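J.: Quick one, what's the 3D model for this:
(2 chains)
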Amino acid sequence: MAGDAFATLSELRTELAARRVGAVELAEACLDRIAAEAHLNAFVSTCPERALARAKAADRRIAKEGQTALVGLPFAHKDIFCVQGLPTTCASNMLANFVAPYDATVAARMDAAGAVLVGKTNMDEFAMGSSSQTGHLGSVRNPWDTGRVAGGSSGGSAAAVAAGLVPGATGTDTGGSIRQPAAFCGISGLKPTYGRVSRYGMIAFASSLDQGGPMARTAEDLRLLLACMEGRDPRDSTSAEVPPTARDAKPRPLRIGIPGEYWDALGTDMGTALDAARRAIEGLGHQLAAVSLPHTRAAVASYYVVSSAEASTNLSRYDGVRYGHRASAPKDLEDLYRRSRSEGFGDEVKRRILTGAYTLSVGYYDAYYQKAQRVRRLIRQDFLDAFASVDAILGPVTPTPAFEQGTMQADPTDMYRQDAFTVPASLAGLPALSVPCGQVEGLPVGMQLIGPHFAEDRLLALGEAWQRETDWHMLRPRESRAAPEAT
Amino acid sequence: MDSETVEKLLRLSALELDEDGRARLLRDLGRIVALIDEMQSVDTEGVAPLAHPLDAVQPLRPDRADPNVDRATLQQGAPATRDGLYLVPRVVE
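T.: Next up is the predicted model:
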């Protein structure tokens, strides 16, 4: 990045403040990197004119006031956030020509903080997927091995940060869509507490689960981004009225829960990598304690019922009338709806809509939708019970490292089961941090720290402490290293 | 899951699929329903459904107009409009 493409946001702030580099230079370097690494398919679009205009304004602001907040720092939005005047496609044919008429609250806040948007990142269509292969512009490639997936649905943001195209990006997480691609690409990602970040202008998938959050190389950078994204928004009735994430001046040794339901499910290689991380966390002075989350096994089922039901409702707005794709020469209104939707949506989105219609339909509502919501309460209660005795919970993010492109296509439920460790925290509305903690087969793997509602500070402080003692997060794609020997 | 249910779901969802698509869907939905049925063994007797993860209630804001986007701007992205109205195929002859 004008020097080092892999510099962190925090490092770039120092450089900008010292006037060793300018915002225009940084934005241009990002745009060059994005073009040079176009094969990763990490971006849906770039906005060079807007970026350079904002970068010039940032340079003037820095000259006058010094560097504050995110002034002059380049970044990317997942293409699910509306940015006024820019294409916002959700990687769908349905919105291929949609230009956002207003700003998402997150977009407006990032602009106000002085960050310089360089482009919009690729994803799974409408954020429905765990591999970023379902978008209308094709698969995102994992920078560590382009034959592998980047994870999803925020795979473009993860790949972009991992490959040094941008130092930070936004993502959204409904069932793991920030944490899982962060783990697959060897970067850091935070799913905030439900309600921490406004959903206004963030294209809806499952409204009781969707949450925007930051993706970057380090936990320290996540904190920087979150500070500008978060906060009560009168335009989102589910945004929470809570104080901003503060920095605890005196981090203390914590009690960290180890849920057997997560750890016992790991294969040998993942288990070895995660065990090393667990011992290292203990080495930082934290106390480990076994906890139980007994309803974990039902989480994937509950999640796919709740999220698909909400998706089928949310996506009923795409009717070919007000915006989005419209079928040509419709013979009547029904035909207009049916063909616009059938041409506009891809296979996975259709499957989710139809699954949702099934679980919400007469005769199945109680057995599926209501049942899933009852299981959801039990899953949340598991966490609340655990947090009575521990400060945070440590586990894996994914069952395996990034899988190969094109696999897990024959049976959609194979992919759904990949979300086993991320959907429980989503159902419970809890904050969860994904940070790199090792490698398996030369590919990055992540660990997940789950905290009580609104305990983002505690998770970020743990992540920061972890990253002061380890350097998994600083490895660059194709740098591999053997796991530390078991002791 | 049977083909009759698939037809009904397609109708409810305003979606259409060709014959191959419907066959694939029948198979996929069968697998998905088998997966979601895994939660049926959980005892939820006496457990209230959870709709909001923080059990929060909908807060009310002051009843004040908050104009954010005007109609003309919104309709710039519409497939067909006239005089500020959205155009659709004729519904009433």
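
J.: Can you pull the residues of the stretch 351-487 of chain A lying near chain B?
T.: Within the stretch 351-487 of chain A, the positions near chain B by CB under 8 Å from any CB of the partner chain are A:351, A:353-355, A:357-359, A:361, A:367-368, A:370-378, A:380, A:411-413, A:416-417, A:427-430, A:453. In this view, the C-beta of every residue, glycine as well, is placed from N, C-alpha and C.

J.: Give me the buried subset of these.
T.: Buried members of these, counted by 16 or more other CB atoms under 10 Å in any protein chain shown: A:351, A:353-355, A:357-359, A:361, A:368, A:370-378, A:380, A:412-413, A:416, A:427-430, A:453.

J.: which residue ranges form the helices in chain B?
T.: Using DSSP state H, the helices of chain B run over residues B:3-12, B:19-36, B:71-75.

J.: hang on, A:Val44 packs against A:Thr89?
T.: Yes. Judged on CB atoms under 8 Å, A:Val44 makes contact with A:Thr89 at a distance of 5.7 Å.

J.: re earlier: just send the helices of chain B back as JSON lines, with distance to A:Glu11 too.
T.: Supplementary listing: the helices of chain B in JSON lines, determined by distance: least, CB to CB, whole Å:
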{"stretch": "helix B:3-12", "distance to A:Glu11": "52"}
{"stretch": "helix B:19-36", "distance to A:Glu11": "44"}
{"stretch": "helix B:71-75", "distance to A:Glu11": "40"}
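
J.: Mean pLDDT lowest where, among the ones you listed?
T.: For the helices of chain B, the weakest mean pLDDT is recorded on helix B:71-75, namely a mean of 92.

J.: is that one up against chain A anywhere?
T.: Yes. For a cut-off given as CB under 8 Å from any CB, helix B:71-75 has contacts with chain A, namely B:73-74.

J.: roughly how far apart are B:Met39 and chain A?
T.: Computed as CB to the nearest CB, to the nearest Å, the B:Met39 to chain A distance reads 4 Å.

J.: any shared contact partners between A:Val44 and A:Thr89?
T.: Counting by CB atoms under 8 Å, 6 or more residues apart in numbering or on different chains, the residues touching both A:Val44 and A:Thr89 are A:79, A:120.

J.: The buried ones among the residues of the stretch 351-487 of chain A next to chain B in helices, which ones?
T.: Per DSSP H, these map to helices at A:351, A:353-355, A:357-359, A:371-378, A:380, A:412-413, A:416, A:427-428.

J.: that's a helix at A:Val24, yeah?
T.: Yes. Assessed by DSSP: H, G, I helix; E, B strand; the rest coil, A:Val24 belongs to a helix.

J.: What distance do you get for it to A:Tyr194?
T.: A:Val24 sits 38 Å away from A:Tyr194, going by CB to CB, to the nearest Å.

J.: Flag every residue of the stretch 151-300 of chain A that's near chain B.
T.: Residues of the stretch 151-300 of chain A lying close to chain B by CB under 8 Å from any CB are A:193-195, A:208-209, A:234-235, A:237-238, A:240-241, A:295, A:297-298, A:300.

J.: And the residue most central in space within chain A, what's its pLDDT?
T.: Within chain A, one residue has its C-alpha closest to the average C-alpha position: by CA atoms, centre = their mean, that is A:Ile178, at 1.8 Å. Listed pLDDT for A:Ile178 reads 98.

J.: so it touches A:Gly152, yeah?
T.: No. A:Ile178 is not in contact with A:Gly152 according to CB under 8 Å; the separation is 10.2 Å.

J.: Please identify the residue most distant from the middle of chain A.
T.: Chain A, farthest from centre, CA atoms, centre = their mean: A:Lys331 at 41.2 Å.

J.: What is the burial count for the closest residue to it other than its chain neighbours?
T.: Among residues not flanking A:Lys331 along the chain, B:Pro89 sits closest, at 7.1 Å (CB to CB, 6 or more residues apart in numbering or on different chains). Number of residues near B:Pro89 (other CB atoms under 10 Å in any protein chain shown) recorded here: 12.

J.: isn't B:Pro89 right up against A:Ala329?
T.: No. With contacts counted by CB under 8 Å, B:Pro89 stays clear of A:Ala329, the gap being 9.4 Å.

J.: Spatially central residue in chain B, please.
T.: By CA atoms, centre = their mean, chain B has its centre lying nearest to B:Ser13, at 7.3 Å.

J.: can you tell me which residues contact that one?
T.: Listed by CB under 8 Å, 6+ apart, the contact set of B:Ser13 reads A:312, A:341, A:350, A:353-354, A:357.

J.: quick one: average pLDDT of the longest helix anywhere in chain A?
T.: Ranked by number of residues, the top helix in chain A under DSSP H is helix A:48-65. Averaged over helix A:48-65, pLDDT sits at 98.

J.: can you pull the buried residues of that helix?
T.: A:50-52, A:54-55, A:57-59, A:61-62.

J.: Contacts for stretch A:324-344 next, please.
T.: Outside of stretch A:324-344, the residues within contact range by CB under 8 Å, 6+ apart are A:92-98, A:318-321, A:350, B:13-17, B:79-80, B:88-91.

J.: Distance check, the residue of chain A found nearest chain B against A:Arg458.
T.: With CB to the nearest CB as the measure, A:Gly429 is the residue of chain A nearest to chain B, at 2.6 Å. Noted for A:Gly429: a distance of 16 Å to A:Arg458, by CB to CB.

J.: ok, now A:Gly257?
T.: A:Gly257 is 13 Å from A:Arg458, by CB to CB.

J.: Now for the two: what residues contact both?
T.: Jointly contacting A:Gly257 and A:Arg458 under the rule CB under 8 Å, 6+ apart are A:Ala392.

J.: where exactly do the strands run in chain A?
T.: Here chain A has its strands, by DSSP state E, at A:43-46, A:74-78, A:116-121, A:141-142, A:145-149, A:168-173, A:188-191, A:211-216, A:255-259, A:287-291, A:392-396, A:432-440, A:443-450.

J.: most tightly surrounded among these?
T.: Neighbour counts (mean count of other CB atoms under 10 Å in any protein chain shown) averaged over each of the strands of chain A peak at strand A:188-191, with a mean of 34.

J.: Tell me where the stretch 151-300 of chain A is predicted with low confidence.
T.: Residues of the stretch 151-300 of chain A meeting the criterion pLDDT under 70: A:249.

J.: ok and the residue in chain B nearest chain A?
T.: B:Pro53 (2.6 Å).

J.: which residues does the closest residue to A:Asn93 other than its chain neighbours contact?
T.: In space, and not counting its chain neighbours, A:Asn93 is closest to A:His136: 4.7 Å by CB to CB, 6+ apart. Neighbouring residues of A:His136 by CB under 8 Å, 6+ apart: A:89, A:91-93, A:96, A:125, A:346.

J.: mind checking how far the longest helix of chain A is from the chain centre?
T.: 27 Å (CA atoms, centre = their mean, to the nearest Å).

J.: repeat for stretch A:152-167
T.: How far stretch A:152-167 lies from its chain's middle: 10 Å, per CA atoms, centre = their mean.

J.: Just the CA coordinates for it, please, in CSV.
T.: The C-alpha trace of stretch A:152-167 is given here as CSV (Å, rounded to 0.1, in the frame of the first residue of the first chain):
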residue,chain,number,x,y,z
GLY,A,152,-19.0,-16.6,2.6
SER,A,153,-21.0,-14.7,2.4
SER,A,154,-18.6,-11.8,2.9
GLY,A,155,-15.9,-13.7,0.9
GLY,A,156,-15.0,-10.7,-1.3
SER,A,157,-14.2,-8.5,1.7
ALA,A,158,-12.2,-11.3,3.4
ALA,A,159,-10.2,-12.0,0.2
ALA,A,160,-9.6,-8.3,-0.4
VAL,A,161,-8.1,-7.7,3.0
ALA,A,162,-6.1,-11.0,2.9
ALA,A,163,-4.6,-10.2,-0.5
GLY,A,164,-3.7,-6.6,0.6
LEU,A,165,-6.2,-5.0,-1.8
VAL,A,166,-7.6,-2.9,1.0
PRO,A,167,-6.6,-2.7,4.7
